[in-house]
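>>> could you work out the structure for the sequence below:
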Amino acid sequence: MATSQVSQAEALLSALDPEQRQVAEALRGPVRVLAGAGTGKTRAITHRIAHGVVTGVYAPSEVLAVTFTTRAAGELRQRLRQLGAPGVQARTFHSAALRQLRYFWPHVHGTELPQLTESKLGMLAAATRRLGLRADQALLRDLASEIEWAKVSNVGPDDYARIAERAGRTVSDQPADTVGKLFSSYEDVKREQGRMDMEDVLLFTAGVLASDERVAAQVRRQYKWFVVDEFQDVSPLQSALLDLWLGGRDELCVVGDPAQTIYSFAGADATYLLDFPKRYPGTTSVELVRNYRSTPQVVTTANTLLAGSVSAGVELRSQQPAGAAVRFVGHPDEVAEAAYVADQVATLQRRGTAPGQIAVLFRINAQSEHFEDALSDRGIPYLVRGAARFFERPEVREAVVRLRGAARSGEVDDQPWVDAVHGVLGGMGWSAEPPTGRGQGRD
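Numbers count the residues shown, from 1 in each chain. Below you'll find the predicted structure:
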């Protein structure tokens, strides 16, 4: 390397802690990085890619970095540009597959690519009508989720009943053979309408690569170095597509944490991460354990909770000063929990804590309603991140439209507002109590 390249490479490496540097210097695969929460995994893998580009090991256009969300892919691209590797492709699995599919499908099949649909619900409604079944919105959503699980798990309609029963899966008390028939009918409706769903993007791409060696060879010439972030959330279908991209090569770096698996309900399987060294002999395995995000009290609590569980990952070591002790408080239901949290927020504000320094974390978007309600009742302004506010959710918007229509027709003149909201939402499969006092919310 030239002197400038050496200095640039050393500057990249000097910004890392010892474990991150080990990742960045492991430029040839296979590499597995077990990265605990707050340990700088994105920093490690972006510096690894940039180090490979600066030293001439990687050509930027031959690197494909894959993650699971558009936001994460955008962050990877931004960091890589800042580190001097702007030509690297950083995409979600679906984005990378769709890009390839749009290019190769017309050449392979001689037809236009089916139209990508954002929702399965309309086609599922048609499928249920064909079978003489009635399904409300709640059942349609459950069916859509189950079909997604089946497709990413490489389970077809004919095999669904047998495999679902063995896996103990149920859909709103529907018999497994009925769900299998609905799955088959849904595929028929989709095909007749010339559409494809998000899972088809991966399935069709895998099919093209598996059936046409010329296409596979072209893709493999394009991409020679692969990095997959959040590897604990890879599904069987994504793993199969990754194998086809690799074509027997092992120039692969995977990063993940079994303690952060969040998509197992949708077919993700953390064993791909855990068993990676078995599948790829000679794997370089690195553990990132220095947590830069949380106090020792929080990290110790997390380590204790995960110890001995199937989700146990690395044992973290906090790099922060000591903080307050972790407290555990139980409540009889979600409403009481939200009320307690809102009271704690109000107390903190009275004692001088700035609102911007207070955060309420919840596991799933559906939980935000009770917290929004409790904060609004106390006149506490709030900002919701990562989820739509209650009245902005599609099902609630639809409910409001129906209520307005019912009010104009006089159907709800003699009913209390609460009964009207509850009735309409309940008819749509939404079981939550109607919200109140949303005026203090902020986008």
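>>> shaky segments in the stretch 1-150 of the chain?
For the stretch 1-150 of the chain, the stretches with pLDDT under 70 are 1-5.
>>> helices of the stretch 51-200 of the chain, residue ranges please.
70-82, 93-109, 121-130, 137-152, 157-167, 176-192, 198-211 (DSSP state H, counting those that start in this stretch).
>>> turn those helices into a markdown table, columns for distance to Val310.
Where you see a C-beta, it was placed from the backbone N, CA and C, and this is true even at glycine. Below are these laid out as a markdown table (distance: least, C-beta to C-beta, whole Å):
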| stretch | distance to Val310 |
| --- | --- |
| helix 70-82 | 25 |
| helix 93-109 | 24 |
| helix 121-130 | 33 |
| helix 137-152 | 19 |
| helix 157-167 | 16 |
| helix 176-192 | 26 |
| helix 198-211 | 26 |
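>>> make CSV out of the ones you listed and add mean neighbour count and distance to Asp233.
Formatted as CSV, those follow (neighbours: other C-beta atoms under 10 Å; distance: least, C-beta to C-beta, whole Å):
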stretch, mean neighbour count, distance to Asp233
helix 70-82, 16, 11
helix 93-109, 18, 10
helix 121-130, 18, 24
helix 137-152, 20, 11
helix 157-167, 15, 18
helix 176-192, 19, 23
helix 198-211, 20, 14
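>>> closest to Glu287 out of those helices?
Glu287 lies closest to helix 70-82 among the helices of the stretch 51-200 of the chain, at 21.2 Å (C-beta to C-beta).
>>> what's next to the closest one, contact-wise?
Contact with helix 70-82 is made by 42-43, 45-46, 49-50, 65, 67, 86, 88, 90-92, 95, 229-230, as judged by C-beta atoms under 8 Å, 6 or more residues apart in numbering.
>>> how does this protein divide into domains?
3-97+203-288, 118-196, 293-328, 334-442 (automatic domain parsing).
>>> which one of these is the most hemmed in?
Across those, the average number of neighbours (mean count of other C-beta atoms under 10 Å) peaks for domain 3-97+203-288, which reaches a mean of 19.
>>> hang on, the earlier thing: and of the contacts of helix 70-82, the nearest to Val208?
Ser95 (16.3 Å).
>>> okay, the domains of the chain in JSON lines with distance to His107 next?
Shown next, in JSON lines, are those (distance: least, C-beta to C-beta, whole Å):
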{"stretch": "domain 3-97+203-288", "distance to His107": "8"}
{"stretch": "domain 118-196", "distance to His107": "17"}
{"stretch": "domain 293-328", "distance to His107": "43"}
{"stretch": "domain 334-442", "distance to His107": "37"}
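>>> what's the distance between Leu273 and Thr39?
15 Å (C-beta to C-beta, to the nearest Å).
>>> isn't Leu273 up against Gly256?
Yes - with contact defined as C-beta atoms under 8 Å, Leu273 reaches Gly256; the gap is 4.5 Å.
>>> overlap in contacts of the two?
Joint contacts of Leu273 and Gly256 (C-beta under 8 Å, 6+ apart) are 34, 231-232.
>>> neighbouring contacts of stretch 90-100?
64-70, 72-74, 76-77, 80, 89, 116, 198, 201-202, 205, 208, 219, 238, 241.
>>> and the residue nearest to the spatial centre of the chain, what does it touch?
Closest to where the C-alpha atoms of the chain average out (C-alpha atoms, centre = their mean) is Phe68, at 5.5 Å. By C-beta under 8 Å, 6+ apart, the contact set of Phe68 is 92-93, 229-230, 233, 263.
>>> phi, psi of it?
phi -110, psi -20 (degrees, to the nearest 10).
>>> that one and Leu101, how far apart?
Phe68 is 18 Å from Leu101, by C-beta to C-beta.
>>> likewise Pro381?
Pro381 is 45 Å from Leu101, by C-beta to C-beta.
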